[in-house]
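Engineer: okay, predicted coordinates and the sequence, questions at the end:
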Number of protein chains: 2
Amino acid sequence: MSLRHALLGLLADRTASGYDLLKLFDTSLANVWPATQSQIYSELNKLADTGLITIAAEGPRGRKQYALTDDGLAELRRWLTETEPQRNVRSEVLLRVFFLGVVSREQAQSYLADLATRFATEENTLRELENAVEWDESDLSLYGRIALEYGLRFNAMRREWAEWAADQVK
Amino acid sequence: MSLRHALLGLLADRTASGYDLLKLFDTSLANVWPATQSQIYSELNKLADTGLITIAAEGPRGRKQYALTDDGLAELRRWLTETEPQRNVRSEVLLRVFFLGVVSREQAQSYLADLATRFATEENTLRELENAVEWDESDLSLYGRIALEYGLRFNAMRREWAEWAADQVK
DNA sequence: CGCCGCATGTAACGTGTTACATGATTAG
DNA sequence: CTAATCATGTAACACGTTACATGCGGCG
């Protein structure tokens, strides 16, 4: 049920249409909680039905500008403080590593070395993103930078681990 | 489509029944690729239908002992070497951090401090697991330890990040 | 003989992805 | 005027979770 709260969270900052939210997902939330257009639009309708958001204004081309209601903000706060985040375990990378025994040691080693390169690339991508974003003094900037720092540390850790693992396989 | 390959991977080591595999998922794969009983049994039937595994023997209580076929091993190798692991991004923890602006700084700070504690606990759990497992010289032990090391480093990294983040919010 | 564990199967529901479908507005 | 962008909606399918359902076999 996190998509619903992601939408509430974005609408807590400012009002937006489904189309606006779609773009926000593709930019700021792409690395945290991706969502498709189809998912966003249907969830918005459900949220409007249950009164957590309302249509604050309608624009050209059938545009619906959604706004968070008091109930919606309460629900967002409740989710944040009173519910446990379910730990997100599934890792396809680890699953593959688990079964590297079915290929040769040489193949396994180069597989892990490739992984290290991949993680290094992702780290660089995030670093470019960090430089491209215009950070300000808002809460979204503060917590956005904290989330980005997580990504940087995560990829650095994974790169070092993959290098270490490649060495272990030798 | 990773569940299918997880099953193939486990059957590459030894033959097993659905029930055996279920227990393997709950122990060795619980932190990598969880699966439910219902999912495992229906996927096994599909794999048997497509000839990637076969029923090597039948036992009491309708027990079906599955074995990997040559096709199955080939498919496992193909998946491992020729397909790209899709990066697993969704993180409920990060999503929550993103929206910490809707609660007070004090609440946000204690939220992050709690996270740090949680990660430290998980790290300890994994360390106990590491000591409890009887590691041998097999491939599964080698790659199992590599996967576990990932978990240890991951939680250490997250704990340090959460501590840093709590400090940033001050 | 009765209970626990072994062993499998399926139905209902929620979430997520891909693809199709349609149309209005605006910038060049 | 026409192409790109804005803007929303829905259908089909894949994957995952929860719950229900059933029965055999071995151990005490």
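Structural biologist: Structure received.
Engineer: mind pulling the model confidence for the residue nearest the centre of chain A?
Structural biologist: The geometric centre of chain A, computed from its C-alpha atoms, lies nearest to residue A:32 (Cα atoms, centre = their mean), at 0.9 Å. Residue-level confidence at residue A:32 comes out at 95, pLDDT.
Engineer: how about it, secondary structure?
Structural biologist: The three-state label given to residue A:32 by DSSP: H, G, I helix; E, B strand; the rest coil is coil.
Engineer: cool, residue A:56 as well?
Structural biologist: Per three-state DSSP, the secondary structure class of residue A:56 is strand.
Engineer: residues in contact with it?
Structural biologist: With contacts defined as Cβ atoms under 8 Å, 6 or more residues apart in numbering or on different chains, the neighbours of residue A:56 are A:15, A:65-67. No exception for glycine: its C-beta is placed from N, CA and C like everyone else's.
Engineer: report the two of those residues separated the most.
Structural biologist: A:65 and A:67 (7.1 Å; Cβ to Cβ).
Engineer: give the intersection of the neighbour lists for those two.
Structural biologist: Between them, residue A:65 and residue A:67 share these contacting residues under Cβ under 8 Å, 6+ apart: A:15, A:55-56.
Engineer: report how many residues lie close to the residue nearest to residue A:170 when sequence neighbours are not counted.
Structural biologist: Spatially, and ignoring its direct neighbours in sequence, residue A:170 is nearest to residue A:109 (6.4 Å; Cβ to Cβ, 6 or more residues apart in numbering or on different chains). Residues near residue A:109, counting by other Cβ atoms under 10 Å in any protein chain shown, number 18.
Engineer: give me the pLDDT for residue A:109.
Structural biologist: Residue A:109 is assigned a pLDDT of 97 by the prediction.
Engineer: how about the contacts made by it?
Structural biologist: Remark: with contacts taken as Cβ under 8 Å, 6+ apart, residue A:109 is in contact with A:166, A:169-170.
Engineer: now those as a markdown table including distance to DNA strand D?
Structural biologist: A markdown table is the format used below for the contacts of residue A:109 (distance: Cβ to the nearest atom of the strand, whole Å):
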| residue | distance to DNA strand D |
| --- | --- |
| A:166 | 27 |
| A:169 | 27 |
| A:170 | 33 |
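Engineer: which stretches of chain A form helices?
Structural biologist: Ranges of helices within chain A are A:2-13, A:18-27, A:37-49, A:70-82, A:92-98, A:105-132, A:139-169, based on DSSP state H.
Engineer: now residue A:37, nearest residue through space, not along the chain?
Structural biologist: In this structure, residue A:37 finds its nearest non-sequential neighbour in residue A:22, 5.4 Å apart by Cβ to Cβ, 6+ apart.
Engineer: list the contacts of the closest residue to residue A:111 other than its chain neighbours.
Structural biologist: Closest residue to residue A:111 in three dimensions, ignoring its sequence neighbours and counting by Cβ to Cβ, 6+ apart: residue A:100, at 6.5 Å. By Cβ under 8 Å, 6+ apart, the contact list for residue A:100 reads A:107-108, A:111-112, A:169, B:80, B:139, B:143.
Engineer: circling back: which among the contacts of residue A:56 gets closest to residue B:123?
Structural biologist: Looking across these and measuring by Cβ to Cβ, the closest to residue B:123 is residue A:66, at 40.8 Å.
Engineer: quick check, pLDDT for residue A:132.
Structural biologist: Taken from the predicted model, the pLDDT recorded for residue A:132 is 88.
Engineer: I'd like the shared contacts of residue A:65 and residue A:67 laid out as a markdown table, including pLDDT.
Structural biologist: Listed next are the shared contacts of residue A:65 and residue A:67 as a markdown table, based on pLDDT from 0 to 100:
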| residue | pLDDT |
| --- | --- |
| A:15 | 97 |
| A:55 | 97 |
| A:56 | 97 |
